[in-house]
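Visitor: Sequence and predicted structure below; questions after.
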Amino acid sequence: MRSRMQPRNLRQQVDDERRRRNIIFFTIVIMAFFYMGIALVLGNMGFLKYSALTKTKNRLDTEITTLDKENKALKAHVSALKDDNFYIEKYAREEYGLAKPGEYVFQFKDDGR
């Protein structure tokens, strides 16, 4: 009877050990996938960081485009002030209220009507 019990107990021990190893292996695999998923979303180079950087890049691109347009307009303004006598005269009249000798400058006040 004793010889009959040993193989059965040995078989149970082998099965229990195999089950235990499988549980440990799958637990480690699941934890690794869980960690990689969290790192992919929340990590230093994760999805949330990527989306924030993409928004910042788009905002900076639009700001660069706006500044380029403004820069071109200012360059045209400076060029006109350097070369175009009519533009210089117009600018002096509009911005500083200057006039040629013998001319009168009329200024109208807006009283909110």
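Guide: That came through, no problem.

Visitor: what pLDDT, on average, does the helix ranked longest in the chain get?
Guide: Longest helix in the chain, counting residues (DSSP state H): helix 2-42. Here helix 2-42 scores 87 as its mean pLDDT.

Visitor: Neighbours of Ala76, how many?
Guide: 10 (other C-beta atoms under 10 Å). C-beta here means a position set from N, CA and C on the backbone, and glycine is covered the same way.

Visitor: What helix or strand is it located in?
Guide: If you go by DSSP states H and E, Ala76 is part of helix 47-83.

Visitor: elements contacting the longest helix of the chain?
Guide: On a contact count with 3 or more C-beta pairs under 8 Å, 6 or more residues apart in numbering; DSSP states H and E, helix 2-42 meets helix 47-83.

Visitor: what angle do the next helix or strand after the helix it packs on and helix 47-83 make?
Guide: Next helix or strand after helix 47-83 toward the C-terminus (DSSP H and E): helix 85-96. Angular relation of helix 85-96 and helix 47-83 on a 0 to 180 degree scale: 110 degrees, by axes from the mean of the first three to the mean of the last three C-alpha atoms, to 10 degrees.

Visitor: Helix 85-96 - contacts with which helices or strands?
Guide: So helix 85-96, by 3+ C-beta pairs under 8 Å, 6+ apart, packs with helix 47-83.

Visitor: try 6 Å this time
Guide: Helix 85-96 sits against no helix or strand, with contacts defined as 3 or more C-beta pairs under 6 Å, 6 or more residues apart in numbering; DSSP states H and E.

Visitor: List the contacts of it.
Guide: 80-81, 98 (C-beta atoms under 6 Å, 6 or more residues apart in numbering).

Visitor: Let me know the pLDDT of Glu94.
Guide: pLDDT, read off for Glu94, is 81.

Visitor: chain center to the longest helix of the chain, what's the gap?
Guide: 44 Å (C-alpha atoms, centre = their mean, to the nearest Å).

Visitor: what angle do that helix and helix 47-83 make?
Guide: Using the same axes, to 10 degrees: helix 2-42 against helix 47-83 is 20 degrees.

Visitor: Tell me, how many residues neighbour Leu67?
Guide: Other residues close to Leu67 by other C-beta under 10 Å number 10.

Visitor: Distance check, it against Val78.
Guide: 16 Å (C-beta to C-beta, to the nearest Å).
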